[in-house]
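> Okay, here's the prediction I keep looking at, along with the sequence it came from:
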Amino acid sequence: MSREDNSSWLKTGPHYWDGDYACAEGAIAAGCRFLAGYPITPSTEVAERIAERFPLVGGTFIQMEDELASMAAILGAAWGGAKAMTVTSGPGFSLMQENIGLGVMTETPCVVVNVQRGGPSTGLPTLTGQQDMMQARWGSHGDYEIIALSPSSPQECFDLTVTAFNLSERYRVPVMFMMDECVGHMTEKVVVPHLSKIHVLQRRWYRGKKERYRPYVPGKDLVPPMVKAGDDFRFHITGLTHDERGYPVINAACQSICVTRLVDKIKQNADRITILDEDRVEGAEVVVVSYGISYRVATRAIALARDKGIRVGSLRLVTVWPFPERRIAELADKVKCLVMPEINLGQVYLEMERVACGRCRTKLVPHCGGWVHDPEDILAAIVEGAKP
Amino acid sequence: MASLKQLCKKPELFSKGHRACAGCGESLAVRQVLLAADQPIVTVMPTGCLEIFSSIYPHSAWQVPMIHTAFETSASTASGVETAYRFHKKMGRMKEDVKFIAFGGDGGTYDIGFQALSGAVERRHKFLYVCTDNEGYMNTGIQRSSATPMGAHTTTSPAGTKIPGKKQHRKDIMEIMIAHDLAYAGQTTVALWNDLVTKVQKALAADGPTFLNVLVPCPLGWQYPGDRTIEVSRLAADTCFWPVYEFDNGRYKINHLPKEKLAVEEFLKPQGRFRHLFTHPEGKDVIAEIQRHIDAKWALLQKKAEVLG
């Protein structure tokens, strides 16, 4: 039972929070009022924080019987009109995959927080990893595009949770919020801005005539507006391939229209979705591309390399998916080498290598998980990459 | 029925030196269950406290083969192992009579592993499933499960100004398992060591799937001093908060009739997780509801033992 003053729903001001707490507060700030989850280390603190805070801010927290149920419950809540989120880690993320696909197919806005730990299987429950990045991209079956963000600090766990909700509302897609154990359990200063400084996007509701409503008629941006259960609309939501009315149509022609739009609404808006954080990239001979906690470690390696006189830039993937193909391709034409440290044996790196397409060297600095890189390992890759 | 003397002479199959908390009820239960077995045993255990405190290299407490499996699949993995054994036996490759015991906490049994358990017993795999029930997710830091009793404070059913702890009663897993037409099902707690050992022996001798639900007090999650585990466990039985009974070949039998059925407060008072009930404005009502629920369940059980005994 907390001794904290919980009288205000938004805790404007400076705090000393870990990433998990900051993520929970970010969700509250974004207007999330429904969370369904299941305990799993190292994400449990998000649910615990929410369980304590939601009764005071009018939200509903449900602890479900497993992660399948958690993911399905937030889809239901979203169709009931709520901003909804679930939170988990590796094994639970695996169990959620079928329903994440249902969320993609039914275009249900929601946020899935994955505080990554070492895998596969039970793996390293209490130690860090970035090994679910490809699972975030491809974990559910079928063709689809997804949005994934990766925060590097508790402050970003707050800020980017709000962004994650905004993106999920804007593009009607489950957004993967890919934290890692280090960021989740790292305690730092987190400043919660004043309400007026937090940009919160509300759901885009259908405003047309009731009788003309068809749930999957997209706007120019390929995203259809939404209605919610209880609003007296007649609508049909299904995981089957469906037409604009939402009714199942099981043939190749409808599949082509339905799935192509699901993919295109992300692909064609990729530049609007992508958030990158660049530092001294122009004129660099080597650029370190990183995300999450690996960015924090890379910062040290970059400083050491600059001391050696190497022109190193940093490109941080705040959004990892959709992959920033255009920017990586531009850089590949200009630099000698792109270096990527990640706490896995090469996942997002494969995308970088694909996009660079031989126009510059690419170097992976792998790590199996359980701890972060030694900056010296990243430095060695930078030095190697700077060679003519 | 076994005597302490006999049990003392048996080799410890769950050895000392593991890293459970002082006063851990679960470690006592596992030790007693394995002590009860007279045949070669193969065990299956999912992720949870038990895995963490008993099996992290180089400190394995297991003197029998043990397979660690995913959280929700103890009963499924046991199904596979048992089927392979039956096949080998049929082909004449194995002569020994091997028994299988799958463990699971209440989270892995009542919640996430329930589907696996239900499927395994419906397929009639011959194994004993032991639920070590400490009424919450203790390994992840004390969250509510569907075995958590009404009124208990956990980190996901926090007692505060708005809610006085968990709002729902726990799931009656025994009746759910009995509905699967089990060969044997029993409910007991670690204080009643003789009852537990007897139930394990009956279950292992039965022909078909069997189930044991063992209440294992958790000093950390229930918030009481570690030296009171046995006392708290006994209070659970003496208040009929935790009826000790069995379902053996269609017959109900109450195995522990308290000399005097104590009021539930006696069980609640020593535990910090219920502390707020004695100060919260809604606390009295919650305690009354817990008592009503216990009384109703106990009366029903007595009736069953009378009619189907």
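Sure, I can see it.

> max-length strand in chain A?
Counting residues, the longest strand found in chain A (DSSP state E) is strand A:110-118.

> which strands and helices sit next to the next helix or strand after it?
The element immediately downstream of strand A:110-118 (helix or strand, assigned by DSSP states H and E) is strand A:124-128. Packed against strand A:124-128 by the contact rule (3 or more C-beta pairs under 8 Å, 6 or more residues apart in numbering or on different chains; DSSP states H and E) you find strand A:110-118, helix A:181-185. For the C-beta atoms, the positions are set from N, CA and C on the backbone; glycine is no exception.

> rerun at 10 Å
Counting contacts by 3 or more C-beta pairs under 10 Å, 6 or more residues apart in numbering or on different chains; DSSP states H and E, strand A:124-128 packs against helix A:90-105, strand A:110-118, strand A:174-180, helix A:181-185, helix A:292-307, helix B:49-54.

> out of the ones you listed, nearest to B:Ala20?
helix B:49-54 (4.2 Å; C-beta to C-beta).

> Tell me the buried residues in that closest one?
B:49-51, B:53-54 (16 or more other C-beta atoms under 10 Å in any protein chain shown).

> any residues touching that helix, and which ones?
Applying C-beta atoms under 10 Å, 6 or more residues apart in numbering or on different chains, the contact partners of helix B:49-54 are A:122, A:125-126, B:14-15, B:17-21, B:24, B:26-27, B:29-30, B:45, B:59-62, B:66, B:68-69, B:71, B:103-105, B:107-108, B:132, B:134, B:137-140, B:216, B:218, B:220-221.

> Just those residues: which are in strands?
A:125-126, B:45, B:66, B:68-69, B:103-105, B:132.

> buried subset of these?
A:125, B:45, B:66, B:68-69, B:103-105, B:132.

> Considering those, which is situated nearest to A:Cys254?
The closest of those, once distances to A:Cys254 are taken by C-beta to C-beta, is B:Thr69, at 41.2 Å.

> Could you check how far the nearest residue to the closest one once chain neighbours are set aside is from A:Val113?
Spatially, and ignoring its direct neighbours in sequence, B:Thr69 is nearest to B:Thr77 (4.1 Å; C-beta to C-beta, 6 or more residues apart in numbering or on different chains). As judged by C-beta to C-beta, to the nearest Å, B:Thr77 and A:Val113 stand 29 Å apart.

> OK, contacts around the nearest residue to B:Thr47 once chain neighbours are set aside?
Excluding its sequence neighbours, the residue lying closest to B:Thr47 (C-beta to C-beta, 6+ apart) is B:Phe71, at 4.6 Å. Going by C-beta under 10 Å, 6+ apart, B:Phe71 touches A:38, A:40, A:66-67, A:91-92, A:95, A:122, B:46-48, B:51, B:104-105, B:107-108, B:111-113, B:116, B:139.

> and with 6 Å instead?
Each residue near B:Phe71 by C-beta atoms under 6 Å, 6 or more residues apart in numbering or on different chains is listed here: B:46-47, B:108, B:112.

> Just put the buried ones among the ones in strands among the contacts of helix B:49-54 in TSV and tack on distance to B:Phe241 and pLDDT.
Listed next are these as TSV, based on distance: C-beta to C-beta, whole Å; pLDDT from 0 to 100:
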residue	distance to B:Phe241	pLDDT
A:Pro125	32	95
B:Met45	27	96
B:Met66	31	95
B:His68	32	95
B:Thr69	31	96
B:Phe103	23	98
B:Gly104	21	97
B:Gly105	19	97
B:Thr132	17	98
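
> Now do the SS call for A:Thr161.
helix (DSSP: H, G, I helix; E, B strand; the rest coil).

> any idea how far it is from B:Asp38?
Distance from A:Thr161 to B:Asp38, by C-beta to C-beta: 56 Å.

> again with A:Ala77
For A:Ala77 relative to B:Asp38 (C-beta to C-beta), the value is 52 Å.

> Columns distance to A:Val223 on top of the ones in strands among the contacts of helix B:49-54, output as JSON lines?
Listed next are the ones in strands among the contacts of helix B:49-54 as JSON lines, based on distance: C-beta to C-beta, whole Å:
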{"residue": "A:Pro125", "distance to A:Val223": "38"}
{"residue": "A:Thr126", "distance to A:Val223": "39"}
{"residue": "B:Met45", "distance to A:Val223": "47"}
{"residue": "B:Met66", "distance to A:Val223": "51"}
{"residue": "B:His68", "distance to A:Val223": "45"}
{"residue": "B:Thr69", "distance to A:Val223": "42"}
{"residue": "B:Phe103", "distance to A:Val223": "49"}
{"residue": "B:Gly104", "distance to A:Val223": "44"}
{"residue": "B:Gly105", "distance to A:Val223": "44"}
{"residue": "B:Thr132", "distance to A:Val223": "49"}
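
> Closest one to B:Lys269 out of those residues, please.
Nearest member of these to B:Lys269, counting by C-beta to C-beta, is B:Thr132, at 24.1 Å.

> per-domain residue ranges of chain A.
According to automatic domain parsing, chain A comprises the domains A:7-197, A:276-385.

> Determine which stretch of these is the most buried.
Greatest average neighbour count among the domains of chain A goes to domain A:7-197 (a mean of 23), per mean count of other C-beta atoms under 10 Å in any protein chain shown.

> ok so, going back, possible to save the buried ones among the ones in strands among the contacts of helix B:49-54 as a markdown table with distance to B:Asp195?
Conversion of these to a markdown table gives the following (distance: C-beta to C-beta, whole Å):
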| residue | distance to B:Asp195 |
| --- | --- |
| A:Pro125 | 34 |
| B:Met45 | 23 |
| B:Met66 | 25 |
| B:His68 | 29 |
| B:Thr69 | 28 |
| B:Phe103 | 18 |
| B:Gly104 | 20 |
| B:Gly105 | 21 |
| B:Thr132 | 15 |
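
> now, which of those residues sits nearest B:Ala159?
B:Gly105 (22.6 Å).

> Report the spatially closest residue to that closest one, excluding sequence-adjacent ones.
B:Gly48 (4.5 Å).

> A:Tyr206 now?
A:Tyr206 sits nearest to A:Pro225 (C-beta to C-beta, 6+ apart), 4.2 Å away.

> What's the local residue count around the one you found?
Using other C-beta atoms under 10 Å in any protein chain shown, A:Pro225 is surrounded by 16 other residues.

> Check the gap between it and A:Arg234 for me.
16 Å.

> Tell me where the stretch 51-200 of chain B has strands.
Remark: strands assigned in the stretch 51-200 of chain B by DSSP state E, counting those that start in this stretch are B:66-69, B:99-105, B:128-133, B:184-189.

> Out of the ones you listed, which gets nearest to A:Ser290?
Of the strands of the stretch 51-200 of chain B, nearest to A:Ser290 by C-beta to C-beta is strand B:66-69, at 34.1 Å.

> and for that closest one, what are the contacting residues?
Against strand B:66-69 from outside (C-beta under 6 Å, 6+ apart): B:43-46, B:51, B:77.

> got it, and stretch B:24-39?
With C-beta under 6 Å, 6+ apart, stretch B:24-39 has contacts from B:7, B:10, B:13-14, B:20, B:50, B:97, B:99, B:130, B:132, B:190, B:193, B:196-197, B:200-201, B:214, B:216-217, B:229.

> do stretch A:306-314 as well
Contacts for stretch A:306-314 (C-beta under 6 Å, 6+ apart): A:279-281, A:284-288, A:302, A:305, A:382, A:386.

> Please flag which of these sit within strands.
Those of the contacts of stretch A:306-314 lying in strands (DSSP E): A:279, A:286-288.

> show me where the stretch 1-150 of chain A has strands.
A:13-18, A:34-37, A:60-63, A:84-88, A:110-118, A:124-128, A:147-149.
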